[in-house]
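**Q** one predicted model, sequence on top.
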Number of protein chains: 2
Amino acid sequence: MPDPIQDFYAVIPAGGIGSRLWPLSRADAPKFLHDLTGSGQTLLRDTWDRLEPLAGPGRIAVVTGRAHRAAVERQLPGIPDPNVFLESEPRDSTAAIGLAAAILAHREPDVIIGSFAADHVIRGTRTFEFAVQQAVEVARAGYVCTIGIQPAEPSIGFGYIRKGGEIDVDGAPEAAIVESFVEKPDLETARAYYADRSYLWNAGMFISRADVLLREIAENEPELHAGLIELAAAWDDHAARGPAVDRLWPGLKKIAIDYSVAEPAAARGRLAVIPGHFDWDDVGDFASLAKLNSGGRKNDLAILGENARILSDASSGIVVSQTDRVISLIGVKDVVVVDTEDALLVTTSEHAQRVKGVVDALKLTGRGDVL
Amino acid sequence: MPDPIQDFYAVIPAGGIGSRLWPLSRADAPKFLHDLTGSGQTLLRDTWDRLEPLAGPGRIAVVTGRAHRAAVERQLPGIPDPNVFLESEPRDSTAAIGLAAAILAHREPDVIIGSFAADHVIRGTRTFEFAVQQAVEVARAGYVCTIGIQPAEPSIGFGYIRKGGEIDVDGAPEAAIVESFVEKPDLETARAYYADRSYLWNAGMFISRADVLLREIAENEPELHAGLIELAAAWDDHAARGPAVDRLWPGLKKIAIDYSVAEPAAARGRLAVIPGHFDWDDVGDFASLAKLNSGGRKNDLAILGENARILSDASSGIVVSQTDRVISLIGVKDVVVVDTEDALLVTTSEHAQRVKGVVDALKLTGRGDVL
């Protein structure tokens, strides 16, 4: 295990519900609180375990909703109370990560933060650690740095980062400038990107000095920045925090950090990238979950659920079982069956992206009780 | 409504579980105790209502298992107690119908019985009644008579009856001799049968004098016949019935009435047929159930279940909902989803026949709790 990295603080934004994984993921059981890999522990805990050697146990902060506080603390019994940053309501990733940056910079002006989603799956500890170590060196040199994943296939499900010229930073042999971000491509384009090798998957990992990150936010979203600074100044004063949150948080602009920081910084040549040579997945939908759990064997049936009682006859895809019911599948190929106490989903990998539409329809038709 | 037919007694064997409709049908909730058509009442009650005008309410007997006595009596509050014939265990259709024939012949020597499955679906009251009226006239003339269904399509799911020459019986203008029985055909053969018009579906309806039916059984299965006669002699003696049942019933040969009566009688020219020009279905599997409930519209999703909460996006097939869970289907075609408290089935119409295999597998793997 490496020594913790000097001046480094890991930040885990634990916010999104993961609507495309409904009815498994839902408001009171968001994606990061599930074991989606059969590891025996939640994705949040996996994320913590991955970051602990890099930051040290006392130097990981979690940004989460008030509703999830208890669950998060159960998952992470080692987390110091001052490192749990509670949102009164979700205000998107700039507010979440910016709040952590502002609080940590207020406590420790030279701190370098790295933010890592609570609900991604990563395999390959050493290569992950090496990528973060390099990214921290690049951040020390004043860049905002992202880790872009070396594509394992020509995916059309992710956005891409186009890597430009190398940057000369000690301890970061793979550092390069980010030329541009590109949206999810069509298959032909994805194949070209894959062949090119200078396109990396955008995994939303950002590492930078907290003050550098805040400066980027200030430049692009000055009001939001002002709110964050004011919140941070009040945060560690127990009498002041509550009123400051009530007054400021609900008014913060909702904007993804990709738009408030990453893309503008890239446009100005201030965004660097380290290629990540590890397996990564954001488990964005059930097709991705099926692939993750089938070991890549297309004709297998992946099963998630500790007490699953499954009987499969010539079926493939994935079954997620959260009840003790017997589930029997006959001749259904590439199927997605998600069996929970109050809701059942049946679809196929092909249509996995449309699950979000169901969630929207349930809201609209007054069946929000199962969301 | 017609007057009840002279000397006629209707018999409803209510025995089979309907394994191919698992997990809807099961040991403690067999097919005949379900509403499979959305009529608002069970198939058993539908059968009773269909027969009552023909036989009269006091002249319908039900042969069922001891376990189903209470449910049957709840469904048929008008049934006289002496008309419920309880089996201590299932011994196939010759024992069930033969027992009814023997008891009723013992009570009323000239009785004509007609046996009609408790779990078939029939639409077309007048044409059904006309077929039964004709069949009774044919039975009066000494034949065993069946009602064969005029095929609505070239089905490969049913056995066929080949109609031969006409029989001259007053009041039975459509009566004909049965030339032979043929097993479920392949599609090409089914098409030829359908075009020919002399092939009828074997719906397992038999009408004959009780003594004639018993004579057929005696000729082909003399031991079974002797057992039935002995049981019938003891049946209405409350002290004698129990010991007779315990002694005789478990040893009766298990044989379908098709083999003990219908086929041998046909071979000897003693089996007649009346063509039935009504809609009929034995609802043998979920494909059949789907078709029955979709009104023939292939792209529709049929829904069975009073409190079903279904959200369907571009899906077709059938959902049977016995829970209050929200069921969401996305892009699944011709699907079969059966959602019960302790078991879930997902398959397609194409594989509906294989449901019985699942039931067998559940027995073998010690999961009989959900059968």
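**A** Everything's here; your move.

**Q** for chain A, list the residues in contact with chain B, please.
**A** A:23, A:309, A:311, A:313-314, A:325-332, A:335, A:337, A:339, A:341-348, A:350-351, A:354-355, A:357-358, A:361-362, A:365, A:367, A:370 (C-beta under 8 Å from any C-beta of the partner chain). Where C-beta positions appear, they are placed from N, C-alpha and C, glycine not excepted.

**Q** tell me which entries of the residues you listed lie within helices.
**A** A:355, A:357-358, A:361-362 (DSSP state H).

**Q** so the residue lying closest to residue A:218 once chain neighbours are set aside: helix, strand or coil?
**A** Leaving aside its sequence neighbours, residue A:218 sits nearest to residue A:225 (C-beta to C-beta, 6 or more residues apart in numbering or on different chains; 4.0 Å). Assigned with DSSP: H, G, I helix; E, B strand; the rest coil, residue A:225 falls in the helix class.

**Q** quick one on the thing from earlier: buried subset of the ones in helices among the residues of chain A next to chain B?
**A** By neighbour count, with 16 or more other C-beta atoms under 10 Å in any protein chain shown, those hold A:355, A:357-358, A:362 as buried.

**Q** name the nearest residue to residue A:357, sequence neighbours excluded.
**A** residue B:313 is the one closest to residue A:357 (C-beta to C-beta, 6+ apart), at 6.6 Å.

**Q** likewise residue A:256?
**A** Per C-beta to C-beta, 6+ apart, closest to residue A:256 is residue A:93, 5.1 Å.

**Q** re earlier: these two touch, right, the residue nearest to residue A:218 and residue A:211?
**A** No: with contact defined as C-beta atoms under 8 Å, residue A:225 does not reach residue A:211; the gap is 11.6 Å.

**Q** can you pull the contacts of residue A:334?
**A** A:290, A:298, A:316-317, A:348-350 (C-beta atoms under 8 Å, 6 or more residues apart in numbering or on different chains).

**Q** now tabulate these in CSV and tack on distance to residue B:188.
**A** Formatted as CSV, the contacts of residue A:334 follow (distance: C-beta to C-beta, whole Å):
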residue, distance to residue B:188
A:290, 40
A:298, 35
A:316, 32
A:317, 34
A:348, 33
A:349, 36
A:350, 34
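
**Q** give the contact list for residue A:365.
**A** For residue A:365, the contact set (C-beta under 8 Å, 6+ apart) comprises residue B:311.

**Q** can you give the domain ranges for chain A?
**A** A:8-281, A:286-370 (automatic domain parsing).

**Q** re the thing from before, of the ones in helices among the residues of chain A next to chain B, closest to residue B:286?
**A** Checking those against residue B:286 by C-beta to C-beta gives residue A:358 as the nearest, at 23.6 Å.

**Q** check contacts around the closest one.
**A** Contacts of residue A:358 (C-beta under 8 Å, 6+ apart): A:22, A:345, B:311, B:313, B:328, B:330.

**Q** the residue nearest to residue A:218 and chain B, how far apart?
**A** To chain B, residue A:225 is 41 Å away according to C-beta to the nearest C-beta, to the nearest Å.

**Q** what bridges to residue A:348?
**A** Beta-bridge partners recorded for residue A:348 (DSSP bridges): residue A:335.

**Q** my read: it touches residue A:317, true?
**A** Yes: between residue A:348 and residue A:317 there is a contact at 6.9 Å, judged by C-beta under 8 Å.

**Q** pick out whichever of these two has more residues nearby.
**A** residue A:317 (26 against 20; other C-beta atoms under 10 Å in any protein chain shown).

**Q** grab the nearest non-local neighbour of that one.
**A** Closest residue in space to residue A:317, ignoring its immediate chain neighbours: residue A:335 at 3.8 Å, by C-beta to C-beta, 6+ apart.

**Q** cool, residue A:362 as well?
**A** residue A:371 (5.9 Å).

**Q** residue A:213 versus the one you found, what's the distance?
**A** 33 Å (C-beta to C-beta, to the nearest Å).

**Q** still on that earlier bit, quick one: least confident of the contacts of residue A:334?
**A** Lowest in pLDDT among these is residue A:298, which has 64.

**Q** got the contact list for residue A:171?
**A** A:133-134, A:137.

**Q** just those now: which is nearest chain B?
**A** Nearest to chain B among the contacts of residue A:171: residue A:134, at 41.9 Å, using C-beta to the nearest C-beta.

**Q** what's near enough to touch residue A:117?
**A** For residue A:117, counting by C-beta under 8 Å, 6+ apart, the contacting residues are A:12-13, A:32, A:47, A:203-205, A:282.

**Q** hmm, 6 Å instead?
**A** residue A:204 (C-beta atoms under 6 Å, 6 or more residues apart in numbering or on different chains).

**Q** convert the lengthiest strand in chain A to CSV, retaining C-alpha atoms only.
**A** Of all segments of type strand in chain A, defined using DSSP state E, the longest is strand A:199-209. What follows is strand A:199-209, C-alpha atoms only, in CSV (Å, rounded to 0.1, in the frame of the first residue of the first chain):
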residue,chain,number,x,y,z
TYR,A,199,-9.6,9.5,-27.5
LEU,A,200,-10.3,8.6,-23.9
TRP,A,201,-13.6,8.1,-22.1
ASN,A,202,-14.7,11.0,-19.9
ALA,A,203,-15.1,9.4,-16.5
GLY,A,204,-15.8,12.7,-14.7
MET,A,205,-12.7,12.4,-12.4
PHE,A,206,-11.2,15.8,-11.6
ILE,A,207,-8.0,16.5,-9.7
SER,A,208,-6.8,20.0,-9.0
ARG,A,209,-5.7,22.4,-6.3
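
**Q** mind listing the strands it pairs with, and their directions?
**A** strand A:112-115 (antiparallel), strand A:144-149 (antiparallel), strand A:160-166 (antiparallel).

**Q** need the ones you listed in a markdown table (columns: distance to residue A:193).
**A** Below are the strands paired with strand A:199-209 laid out as a markdown table (distance: least, C-beta to C-beta, whole Å):
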| stretch | distance to residue A:193 |
| --- | --- |
| strand A:112-115 | 25 |
| strand A:144-149 | 12 |
| strand A:160-166 | 6 |
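
**Q** which one of these is the most hemmed in?
**A** strand A:144-149 (a mean of 27; mean count of other C-beta atoms under 10 Å in any protein chain shown).

**Q** for residue A:100, which non-adjacent residue is closest in space?
**A** Once flanking residues are discounted, residue A:100 sits nearest to residue A:11: 4.4 Å by C-beta to C-beta, 6+ apart.

**Q** identify the bridge partners of that neighbour.
**A** Taking DSSP bridges as the rule, residue A:11 bridges to residue A:61, residue A:115.

**Q** contacts only, for it.
**A** A:61, A:100, A:113, A:115.

**Q** same thing but at 7 Å, please
**A** For residue A:11, the contact set (C-beta atoms under 7 Å, 6 or more residues apart in numbering or on different chains) comprises A:61, A:63, A:97, A:100, A:113-115.

**Q** can you pull the pLDDT of it?
**A** Note on residue A:11: pLDDT of 98.

**Q** ok, then the element right after the longest strand of chain A?
**A** helix A:210-220 (DSSP states H and E).

**Q** and the contacts of that next one?
**A** A:94, A:98, A:101-102, A:104-105, A:109, A:111, A:113, A:142, A:144, A:224-225, A:260-261, A:264-265.

**Q** any buried residues in that helix, and which?
**A** A:210-218, A:220.

**Q** same deal with stretch A:341-361?
**A** In terms of neighbour count (16+ other C-beta under 10 Å), stretch A:341-361 has its buried residues at A:343-349, A:351-353, A:355, A:357-359.

**Q** over to stretch A:311-319?
**A** A:311-313, A:315-319.

**Q** and the residue nearest the centre of chain A, backbone torsions?
**A** Chain A has residue A:117 as the residue nearest its centroid, 2.5 Å off, counting by C-alpha atoms, centre = their mean. Note on residue A:117: its backbone torsions stand at phi -50, psi 150 [degrees, to the nearest 10].
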